[in-house]
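Asks: Make a model of this:
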Amino acid sequence: MNPHLKEKVIRRGTPLKDSKAIVILVHGRGQTAETMFELIERMNLTDTHYILPQAADNSWYPYGFMKTLSENEPYLSYSLECYQNWLNELFEQNISPKMIVLLGFSQGACLTAEYAVRNPQRYGGIILLTGGVIGPEGTSWEKNGSFDGTPVFLGSSDVDEWVPEKRVHESADIFLEMGGNVIKRIYKGRDHVVNDDEISFARKIIQNIM
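Replies: Numbering: from 1, shown residues only. Below you'll find the predicted structure:
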């Protein structure tokens, strides 16, 4: 029933058995797994294994991330199930979550934030590039569990068309309250892209695992 599970998952970088860090890169709405190749090239890291999943019809869920949860069902649940499956495959190979970085852009960042808040633990890092936790304005998110010092980076724009600055601040506060080591950057007038400063933060988080 889950259409995302029928899609490919691309692997890049150092073979898993030889890697010192594993990064799951989740693409945005209307994009493909291959879209994330550019971020891999820009980060230019060694000893890193990359997992790039593909959403059915290039979208993880149908509507904006600030719609009610029910409006994005069942696809939101399908996407969260996929996220758990990607991690379970690693855990079954005795890979510590401290080696794993969760990274998403745009819709992929929102999915990553939502999965992480629902499943807190000490990850290698969480990198949210223009995204935030999912739910309409006024949502009260449950904060059960701890990130136990996980490095968390949130980067976004003050004028982004899809991700309001307020939600980025709210998301950063949630991760902070749940024990994340949070860094947040709001870039003035930036388009819906990933800038070099964000790439630098991502590189540092991944390199600190090695």
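
Asks: where does residue 81 fall, phi/psi-wise?
Replies: Reported as degrees, to the nearest 10, the phi and psi values for residue 81 are phi -60, psi -40.

Asks: how about it, what does it touch?
Replies: By CB atoms under 8 Å, 6 or more residues apart in numbering, the contact set of residue 81 is 2, 4, 5. Just so you know, the C-beta spots here come from the backbone N, C-alpha and C atoms, and that holds for glycine as well.

Asks: could the residues you listed go into TSV alongside distance to residue 101?
Replies: Shown next, in TSV, are those (distance: CB to CB, whole Å):
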residue	distance to residue 101
2	24
4	21
5	22
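
Asks: what's the pLDDT at residue 61?
Replies: If you check residue 61, the pLDDT there is 98.

Asks: count of neighbours near the nearest residue to residue 105 once chain neighbours are set aside?
Replies: With sequence-adjacent residues excluded and distances taken as CB to CB, 6 or more residues apart in numbering, residue 105 is closest to residue 129, at 4.4 Å. Under the neighbour criterion other CB atoms under 10 Å, residue 129 is assigned a count of 27.

Asks: Check residue 200 too.
Replies: Close neighbours of residue 200, defined as other CB under 10 Å, add up to 12.

Asks: Offset the numbering so it begins at 760, please.
Replies: Noted, 760 is the first residue going forward, which turns the last one into residue 959.

Asks: What distance do you get for it to residue 874?
Replies: 25 Å (CB to CB, to the nearest Å).

Asks: Ok, residue 892 next?
Replies: 10 Å.

Asks: from the contacts of residue 840, which is closest to residue 964?
Replies: Using CB to CB, the shortest approach to residue 964 within the contacts of residue 840 belongs to residue 763, at 26.0 Å.

Asks: residue contacts, the residue nearest to residue 864?
Replies: Under the contact definition (CB under 8 Å, 6+ apart), the residues listed for residue 888 are 862, 863, 864, 865, 868, 914, 915, 953, 957, 961.

Asks: What of residue 919?
Replies: For residue 919, the set of contacting residues under the criterion of CB under 8 Å, 6+ apart consists of 889, 949, 951.

Asks: OK, contacts around residue 942?
Replies: By CB under 8 Å, 6+ apart, the residues touching residue 942 are 910, 911, 912, 913, 960.

Asks: so it is in which element?
Replies: Here residue 942 is covered by strand 940-946, with elements defined by DSSP states H and E.
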